[in-house]
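Engineer: sequence first, predicted coordinates after that:
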Amino acid sequence: MRAMKPRTAARWGWVRQPGRAGVSDGSLVGRKLQEQDGNTLALMPVAVVILFGLAALALDATTLYLGQRRLADLAAAVATDTAGAVDRESFYTADSTEPLHLDVAAGQRRADTLASSLGEDRTFEDVRCEVEVEELVVFVSCQGTVRPILAVFWPGLDGRVRQTVTERATALE
C-alpha cells in the first residue's frame, strides 16, 4: 500500500502560503498591484465631488420639473373652474338662439387666489395668471419664477428660472 499524504489546508489552497501567487512573489500581477497602491485614495475625493454635483443637478432638475407641473395644475384648475362659471345674467336672460357667456371676472378672481397661494411657497416667486375667453373656450396662461435650491452655485444661473404654462378648457353647452 502506498502512503497517502495528509490533507492539509495549504495543500488544497485554502490557506495562502508565502511565496505562492501573492503580491510579494515578483510576478507580473504582483508588480502591477504594488504600483497602484495609492490610486484609490487619490481618486476618492474626486469621485465624491462628482457625485455631489450630480446629486445637486438632479435635485434642481426635479425642482424645475415639479414647478412646471404645479403651474400647469394651477392653469388647468382655473381653466376648468372658468369653463364651469356661466355668467348668471346671460344664463337667466338668454334665449335658445344665443350662446351662454362665461364669467371671466370670476375666473380671474379664482386665478388670483390660487396664484397667491402658490406664491406663498418658497419655490415660487411672482406667479401671475391671465384668463381669456373666446366663445366657450377658456385659455389660461400662468407665469411664475421657480427658484431651484442649488442653482445659485451653478455658473451662469442667477438662481431663478421663469416658466410659462398655457391650458385650455371648453364649456359644454
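Structural biologist: Received, thanks.
Engineer: chain neighbours aside, what residue packs nearest to residue 79?
Structural biologist: Distance criterion Cβ to Cβ, 6 or more residues apart in numbering; nearest residue to residue 79, sequence neighbours excluded, is residue 169 at 3.8 Å. Every residue, glycine included, has its C-beta placed from N, CA and C.
Engineer: burial check on that neighbour, number of neighbours?
Structural biologist: By the measure other Cβ atoms under 10 Å, the count of residues near residue 169 is 21.
Engineer: neighbouring strands of the helix or strand harbouring it in the sheet, and parallel or not?
Structural biologist: Assessed by DSSP states H and E, residue 169 sits inside strand 161-170. Counting by DSSP bridges, the strands paired with strand 161-170 are strand 137-146 (antiparallel).
Engineer: alpha carbons of the strand it pairs with, as PDB, please.
Structural biologist: Taking Å, rounded to 0.1, in the frame of the first residue of the first chain, the C-alpha atoms of strand 137-146 are listed here in PDB:
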ATOM      1  CA  VAL A 137     -63.200  78.100 -24.800                       C
ATOM      2  CA  VAL A 138     -61.200  79.300 -21.900                       C
ATOM      3  CA  PHE A 139     -57.500  79.900 -22.200                       C
ATOM      4  CA  VAL A 140     -55.400  80.400 -19.100                       C
ATOM      5  CA  SER A 141     -51.700  81.400 -19.200                       C
ATOM      6  CA  CYS A 142     -49.800  81.200 -16.000                       C
ATOM      7  CA  GLN A 143     -46.200  82.500 -15.500                       C
ATOM      8  CA  GLY A 144     -44.000  82.100 -12.500                       C
ATOM      9  CA  THR A 145     -40.400  82.200 -11.400                       C
ATOM     10  CA  VAL A 146     -39.100  79.000 -10.000                       C
END
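Engineer: how near is the closest residue to residue 154 other than its chain neighbours to residue 172?
Structural biologist: In space, and not counting its chain neighbours, residue 154 is closest to residue 60: 7.6 Å by Cβ to Cβ, 6+ apart. Note on residue 60: its distance to residue 172, by Cβ to Cβ, to the nearest Å, is 41 Å.
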